[in-house]
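Enquirer: Next input, structure requested:
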Amino acid sequence: MGQQQLLLLVFGIIIVAVAVMAGLVAVDEKLRQSAVDNLIDRNLTIASEAVFWKTKRDPYNGGNAKYSGLELDGMQTLFLGEETHGGRFRITVATDNTLEITAVSTSYPEIGVRTFVTGYSIDSTAVRHDGSIALD
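Expert: Below is the predicted model:
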């Protein structure tokens, strides 16, 4: 082989290697975003169930216009599991009028999501990729 052919072969291998590395980085970013989306979706489901529970006036099966009944064993009260394939979920704060739901990814423990509910509406959702949102 001539020098020109060897040079083209080496450049071709380098270009393929760079493309493979870029593809791996893109796949990792997509998987992280998918984990965040799944945590947010589950948090919103929990928040919706909690709002529905709060609206019930039954003293044994409802919140009587308060979230405070969800402070201890809130996930069991709503008949929702605390752990799924994608993450762990917990109601971390429950007062009469506010609710805070925290989730942490099982695949990426540094990813955490916190959803805030005030009154009968979902206020906001905070997403952190640095491990600052965690479950005890």
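Enquirer: Buried ones in the helix or strand bottoming out on mean pLDDT in the chain, by neighbour count?
Expert: Ranked by mean pLDDT, DSSP states H and E, the weakest helix or strand in the chain is helix 74-77, scoring a mean of 92. For helix 74-77, a neighbour-count test (16 or more other C-beta atoms under 10 Å) marks Gly74, Met75, Thr77 as buried. The C-beta positions use only the backbone N, C-alpha and C, and glycine is treated the same way.
Enquirer: Could I get the contacting residues of the last one?
Expert: Spelled out, that is Thr77. Going by C-beta atoms under 8 Å, 6 or more residues apart in numbering, Thr77 touches Trp53, Gly69, Leu70.
Enquirer: do that again at 10 Å, thanks
Expert: Glu49, Ala50, Trp53, Asn61, Gly62, Gly63, Gly69, Leu70, Glu71, Ile91, Ala94 (C-beta atoms under 10 Å, 6 or more residues apart in numbering).
Enquirer: any idea how far it is from Leu31?
Expert: According to C-beta to C-beta, to the nearest Å, Thr77 and Leu31 sit 33 Å apart.
Enquirer: Over to the second one?
Expert: Counting by C-beta to C-beta, the separation of Met75 from Leu31 is 26 Å.
Enquirer: ok now do the most centrally placed residue in the chain, which residues does it touch?
Expert: By C-alpha atoms, centre = their mean, the mean C-alpha position of the chain lies nearest to Leu39, the distance being 2.2 Å. Leu39 makes contact with 84, 86-89, 101-106, 108, 111-115, 125, 127, 133, according to C-beta under 10 Å, 6+ apart.
Enquirer: One more: Trp53?
Expert: Contacts of Trp53 (C-beta under 10 Å, 6+ apart): Asn61, Gly62, Gly63, Asn64, Lys66, Tyr67, Gly69, Leu70, Gly74, Thr77, Leu78, Phe79.
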